[in-house]
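Chemist: here is the input, now give the coordinates:
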Amino acid sequence: MIIRFGYVSHALSLWDCSPAKALTFTRWKKLTESERKEQLLYVTKQNLEHTLRMIHYNIAQEISLYRFSSSIVPLATHPEVLWDYKTPFKDVFREIGELVKKHKLRTSFHPNQFTLFTSDKPHITDNAVTDMTYHYDMLDAMGIAEEAIINIHVGGAYGNKQTATERFHANIKKLPATLKNRMTIENDDKTYTVSETLAICKKERIPLLFDYHHFMANHTEDEVVENLLPEIFHTWNWVGLKPKVHVSSPKSDKEFRSHADYVDPDFLLPFIKVLKELNVDVDIMIEAKQKDKAALKLCEDLSRIRGAKRIGGAAIQY
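Modeler: Numbering: from 1, shown residues only. Below is the predicted model:
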C-alpha cells in the first residue's frame with residue numbers, strides 16, 4: 001500500500017510565494033479604467049508565477065499532491081468585473097498544466113464555504129455555479145480539466161437537514177455535467193456526517209472525499225471508519241481516480257475542530273491502521289497550518305514507525 005501526501009495552496013518553505021495576493025473590489029472601484037486593468041493583470045501575473053514556482057518546488061521535493069489556491073485570479077467572479085483572465089495568461093496556464101501532467105502530479109481546487117447548493121435563495125445557487133465554473137475554467141486553461149477535482153461541502157442545514165438535502169439534489173441540476181463530473185463532496189465537522197454525505201454522493205454519483213479530522217469531530221455512535229471506508233472508496237470508481245482523503249489534527253482538546261500547525265501522528269495512526277487492513281493505495285491532503293512543512297514532517301514521522309518505508313519526499317509504503 002502506498003500513501004502520498006500533499007498540501008494546500010502555499011509552500012511556506014518558499015520566500016514570498018503567496019498565490020493569493022488580492023485586489024479588493026473596494027480598491028478596484030477607486031481606480032481609473034486603465035489602472036483597473038493594469039492591477040488585475042499585475043496581481044494575477046504574480047499569483048500565477050508563484051503557483052508555477054510551487055509546482056517546480058513540489059517536483060523537486062517529490063510532493064505529488066497539490067491544491068491550487070482559489071484566489072489566483074482577483075475579482076474573477078464579481079458581477080461588476082467579470083474580466084477575461086484566460087487570454088492574457090494562456091501560456092502560463094498551459095505551462096502549469098504541462099508540468100502537472102508530465103510529472104503526474106495530482107491537483108485540485110476547494111472553493112470556499114459560500115459555494116453551496118442547499119440554499120433556498122436562487123442567487124446563492126447561481127453564485128455557486130459561477131464559482132464552480134471559474135474553478136473549472138482555470139483547470140481547462142491548464143489542460144487538466146479531465147483529471148483534477150473540485151471539492152465542496154454539502155452546505156448548510158438551515159434548520160431542516162432533510163429539506164436542505166432535497167434542495168441540494170434540485171439545485172445541483174443547474175450545474176453543467178462537465179463540472180459535476182469533476183466534483184467531490186466532503187463530510188463536515190459540524191453539519192453533515194459521513195453517512196449523510198455518502199447518501200448524497202450515492203444518489204448523485206459523486207465521489208466522497210473523506211475528512212478524518214471532521215469525522216472525529218462529527219460522527220454518530222454507529223459510524224465506524226472500518227465499515228465506511230470501503231463504501232467511500234468505491235465512489236471513486238465512478239471517476240476512475242485513486243481515493244483521496246483529508247487529514248489534520250486538533251489544535252487542542254478545547255479547540256478540537258481547529259487545525260494544528262502540524263499533524264500529530266498519534267492522532268492519525270488509528271486511521272492508518274484501517275488503511276493498512278484495507279490495503280488500498282490512497283492520496284492524503286494535509287490541511288495543517290504549516291502546509292508543505294507539515295506534509296514533509298508527517299511523512300518523516302510515519303517513516304520512523306516499524307512497517308513503514310519512505311519512498312519519496314512525501315510518500316510512504318507499507
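
Chemist: when you work out contacts or count neighbours from here on, use the C-alpha atoms and nothing else.
Modeler: Noted.

Chemist: what kind of secondary structure is residue 210 in?
Modeler: For residue 210, the reduced secondary structure class is strand; criterion used: DSSP: H, G, I helix; E, B strand; the rest coil.

Chemist: could you do residue 50 as well?
Modeler: Residue 50 carries the three-state label helix when classified by three-state DSSP.

Chemist: can you read off the pLDDT for it?
Modeler: The predicted local distance difference test score for residue 50 is 98.

Chemist: spatially, what comes nearest to the spatially most central residue of the chain if we skip its sequence neighbours?
Modeler: When the chain is reduced to its mean C-alpha position, the closest residue under CA atoms, centre = their mean turns out to be residue 110, at 3.8 Å. Sequence neighbours aside, residue 151 is the residue nearest to residue 110 in space, at 4.8 Å (criterion: CA to CA, 6 or more residues apart in numbering).

Chemist: which ones are touching the residue nearest to the centre of the chain?
Modeler: 67, 69, 70, 150, 151, 152 (CA atoms under 8 Å, 6 or more residues apart in numbering).

Chemist: adding distance to residue 136 and secondary structure, write the residues you listed out as a markdown table.
Modeler: Converted to a markdown table, the contacts of residue 110 look like this (distance: CA to CA, whole Å; DSSP: H, G, I helix; E, B strand; the rest coil):
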| residue | distance to residue 136 | secondary structure |
| --- | --- | --- |
| 67 | 14 | strand |
| 69 | 13 | coil |
| 70 | 11 | coil |
| 150 | 8 | strand |
| 151 | 11 | strand |
| 152 | 13 | strand |
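
Chemist: now the residues you listed: which count as buried?
Modeler: Neighbour counting with 16 or more other CA atoms under 10 Å marks 67, 69, 70, 150, 151, 152 as buried within the contacts of residue 110.

Chemist: assess the claim that the last one and residue 182 are in contact.
Modeler: So that's residue 152. No. Residue 152 is beyond contact range of residue 182, at 10.8 Å (criterion: CA atoms under 8 Å).

Chemist: I'd assumed residue 291 was in contact with residue 13.
Modeler: No. Counting by CA under 8 Å, residue 13 stays clear of residue 291, with 9.1 Å between them.

Chemist: so for the two, which residue has more residues nearby?
Modeler: Comparing residue 13 with residue 291 by neighbour count (other CA atoms under 10 Å), the higher total belongs to residue 291, at 23 against 13.

Chemist: what's the closest non-adjacent residue to residue 10?
Modeler: Residue nearest to residue 10 in three dimensions, not counting chain neighbours: residue 18, with 5.9 Å by CA to CA, 6+ apart.

Chemist: for that neighbour, give its distance to residue 274.
Modeler: 36 Å (CA to CA, to the nearest Å).

Chemist: give me the more crowded residue out of these two.
Modeler: Neighbours per residue, other CA under 10 Å: of residue 18 and residue 274, the larger number sits with residue 18, 22 against 15.

Chemist: list the contacts of that one.
Modeler: Listed by CA under 8 Å, 6+ apart, the contact partners of residue 18 are 10, 11, 47, 50, 51.

Chemist: check which helix or strand covers it.
Modeler: Per DSSP states H and E, residue 18 falls between elements, in no helix or strand.

Chemist: contacts for the helix or strand harbouring residue 268?
Modeler: Applying DSSP H and E as the criterion places residue 268 in helix 265-278. With contact meaning CA under 8 Å, 6+ apart, helix 265-278 is reached by 1, 212, 225, 226, 230, 247, 249, 298, 301, 302, 318.
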